[in-house]
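> Sequence below, structure please.
(chains A, B, C and D)
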Protein chains: 2
Amino acid sequence: MPADESPVRPPTLNQVAARAGVSLKTASRALNGEPYVSGATERRVRQAADELGYRLNGLARELRTGGTSALVGLISGDLANPFYSAVASGAERELRQHGLLLITVNNDEDGELESSLLTALVERRVRALLVIPSGGGLVANSASAHNVPFVFVDRPPVGMAADCVLIDNTGGARAAAEHLLAGGHRRIALVADLVRTASQRARISGFAAAMRAAGNPAWESYLRTDVHDAATATRVVGELLDLPEPPTALFTTNNRLTIGALRALRGCRRPPALVGFDDFELADVVGVTVVAHDMTELGRAAARLAFDRIGGHTGPPRTVVIPATLVPRGSGER
Amino acid sequence: MPADESPVRPPTLNQVAARAGVSLKTASRALNGEPYVSGATERRVRQAADELGYRLNGLARELRTGGTSALVGLISGDLANPFYSAVASGAERELRQHGLLLITVNNDEDGELESSLLTALVERRVRALLVIPSGGGLVANSASAHNVPFVFVDRPPVGMAADCVLIDNTGGARAAAEHLLAGGHRRIALVADLVRTASQRARISGFAAAMRAAGNPAWESYLRTDVHDAATATRVVGELLDLPEPPTALFTTNNRLTIGALRALRGCRRPPALVGFDDFELADVVGVTVVAHDMTELGRAAARLAFDRIGGHTGPPRTVVIPATLVPRGSGER
DNA sequence: ATGAAAGCGCTAACAT
DNA sequence: ATGTTAGCGCTTTCAT
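Sure, this is the predicted structure:
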């Protein structure tokens, strides 16, 4: 049985003051570099603090100075997905420059969980929230209830106005479609993720618009939606290729699905053309044509919007659109 | 000029109590589901809270209940690196189950920045810290000074004892070396990252030990260290291949370097055999033999160790070793 | 240049 | 079952 049963509380400013033989307030002034402290006093206080191993209690300070923390929350899907981690990386880097810290939580693509995480973050008095909504639309409703600046990333809020950073989904998808059409393809399959997310819908409609404009309805029987993971994508693409009249080209609407499709295409003697939305590591090595966009910039832009609001910026919601451009690398040109 | 100059403070428990016509403490009890509150009172309080849009102030609660937050910090390199984001993903998932939140900060591979981030997190009273040190060893020193449980991930602390989760770097590297030797290779190049990190040193020494055991010194002139990014790896591998007597096989000691090597090998008529440390997305599609290990498990294990300490577990530091196994996929067998 | 008192929003301890 | 008082560790008046 250990002798020290006490959960050793860290030293307080009061203890530092006592040790330095000054008042609480003087110690506070000295450590915060405020004026009106004699050099000698400041030195004594600093030394006492060092000896005690004193660390400021940020909770207490923040409670006193306004009840709000130096934290910004990011609610997204699993960071194991490079898209989300790229956003997190960009956001963290931007926030850090302003002395803000990023809390990342995974909504597991579940609307219920998402709301409860939202509450947890608001209770921690985060100064802003960046959200890549799971798609349930639940967040949007609670957003207005809480009194915290919200920035929606990749997916616009439904039923409310708010700051928002989007990818040019429609334009990117249209570019992909036109590229494949220009290559002479007509039977073009579209493999998409959950249609409940606005970003997926935008990609699908951009693609559809280009097909319509080209007078090509031959893709409609090859539309596959709500394909949510790589393994399913592999299966679905396999099934497409086994069709009596298989598609000659393929458009996958995010990185996971593109990778799943690649697995299905392995060892395929005459693989269909492939264009994927989202760039990914090794796409250049594997030679995959993609619709690329700067994912970390998405996070940085979101953090900047949030920071403006934290700084008191009022005014109508702003939307930043990140461009998406086609990068030919071989797979889309065969 | 806006009319409402006041930065609308969120409602407090006191206001809820007043509105419900009860005392502060009763309101507290009601909302926290404590016993000894009549059903009618509880309902009145809950309704008042709803009407006001009341949110608990976690800062105040935590200050009162012990001066410590529900936050755990993770200091690592850029989340854009899939290794770090996998660790973050695993850690977050584990912590979330215990109601803890994860703060991620990027040390930018800079020891100075790392210490200042450390201070920032400690001041926010994080309950534990998970660290993938930049390698400067600075963290280790400050770790003991602060009174917070530390868990070192991927790299052991220098000059102190602490909880720690490691990959079987030596064993994994040895397996890679033996695999290449078994394939008949003698001139085997080793491309490694910064040797100041213990994990890299372990991988190099595991490799070296296997070479020694096999009586093969023919690798020593092909050793390249402190290759820190993919672009440099591409260049270095290119140079190796241009040697009068180029290596017939290649071992790269992390995911970034493997990917850089792959770029150099593109369009190479007779590419050398390749084994890389760390698995990565698409490795199966590209057919790259790797030394694989469960990166998210690294994060989960670290979070578990941290949670035990938070729960008051004392006792000597523990080390968890995550196994690393060779996965043949073609590139290592040619 | 320094200090005393008050209070941020909450919960713990002790009434009633 | 409900209320009162005190205080977490800090910063903000307002003295001195």
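> what's the closest non-adjacent residue to A:A91?
The shortest distance from A:A91 to any non-neighbouring residue, by C-beta to C-beta, 6 or more residues apart in numbering or on different chains, is to A:G299 (3.7 Å). (C-beta placed from N, C-alpha, C; glycine too.)
> Do I have it right that the one you found meets A:S89?
Yes: between A:G299 and A:S89 there is a contact under C-beta atoms under 8 Å: 6.4 Å.
> Looking at these two, which has the bigger crowd around it?
It is A:G299, of A:G299 and A:S89, that has more neighbours when counted by other C-beta atoms under 10 Å in any protein chain shown, with 32 against 26.
> per-residue confidence at A:R269?
Turning to A:R269, the model gives it a pLDDT of 89.
> Run a quick neighbour tally on it.
As a burial measure, A:R269 scores 4 neighbours (other C-beta under 10 Å).
> Which parts of chain A belong to which domain?
What automatic domain parsing lists as the domains of chain A is A:13-56, A:71-167+A:295-323, A:169-292.
> who in chain A is up against DNA strand D?
A:9, A:12-14, A:24-25, A:28, A:32, A:54, A:56-57, A:60-61, A:63-65 (C-beta under 7 Å from any atom of the strand).
> Buried ones among those?
Buried members of these, counted by 16 or more other C-beta atoms under 10 Å in any protein chain shown: A:12-13, A:28, A:54, A:56-57, A:60-61, A:63.
> Now intersect those with the helices, please.
In helices, defined here by DSSP state H, the members of these are A:13, A:28, A:60-61, A:63.
> For the spatially most central residue of chain A, identify the helix or strand it belongs to.
Centroid check for chain A by C-alpha atoms, centre = their mean gives A:V87 as the closest residue, at 4.0 Å. In this assignment (DSSP states H and E), A:V87 forms part of helix A:82-96.
> Give me the angle between that helix and helix B:82-96.
With axes from the mean of the first three to the mean of the last three C-alpha atoms, to 10 degrees applied, the angle from helix A:82-96 to helix B:82-96 works out at 80 degrees.
> Need the CA coordinates for helix A:82-96. PDB is fine.
Extracted in PDB, the C-alpha atoms of helix A:82-96 (Å, rounded to 0.1, in the frame of the first residue of the first chain):
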ATOM      1  CA  PRO A  82      -6.800  10.400 -45.500                       C
ATOM      2  CA  PHE A  83      -9.400  12.900 -46.500                       C
ATOM      3  CA  TYR A  84     -10.400  13.700 -42.900                       C
ATOM      4  CA  SER A  85      -6.800  13.600 -41.600                       C
ATOM      5  CA  ALA A  86      -5.700  16.000 -44.300                       C
ATOM      6  CA  VAL A  87      -8.500  18.400 -43.200                       C
ATOM      7  CA  ALA A  88      -7.400  18.000 -39.600                       C
ATOM      8  CA  SER A  89      -3.800  18.600 -40.500                       C
ATOM      9  CA  GLY A  90      -4.600  21.800 -42.300                       C
ATOM     10  CA  ALA A  91      -6.900  23.100 -39.600                       C
ATOM     11  CA  GLU A  92      -4.500  22.300 -36.800                       C
ATOM     12  CA  ARG A  93      -1.700  24.100 -38.500                       C
ATOM     13  CA  GLU A  94      -3.700  27.200 -39.000                       C
ATOM     14  CA  LEU A  95      -5.200  27.300 -35.500                       C
ATOM     15  CA  ARG A  96      -1.800  26.700 -33.900                       C
END
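> Show the average pLDDT along it.
Helix A:82-96 carries an average pLDDT of 97.
> now for that helix, which elements pack on it?
Packed against helix A:82-96 by the contact rule (3 or more C-beta pairs under 8 Å, 6 or more residues apart in numbering or on different chains; DSSP states H and E) you find strand A:71-76, strand A:101-106, helix A:295-310, helix B:82-96, strand B:101-106.
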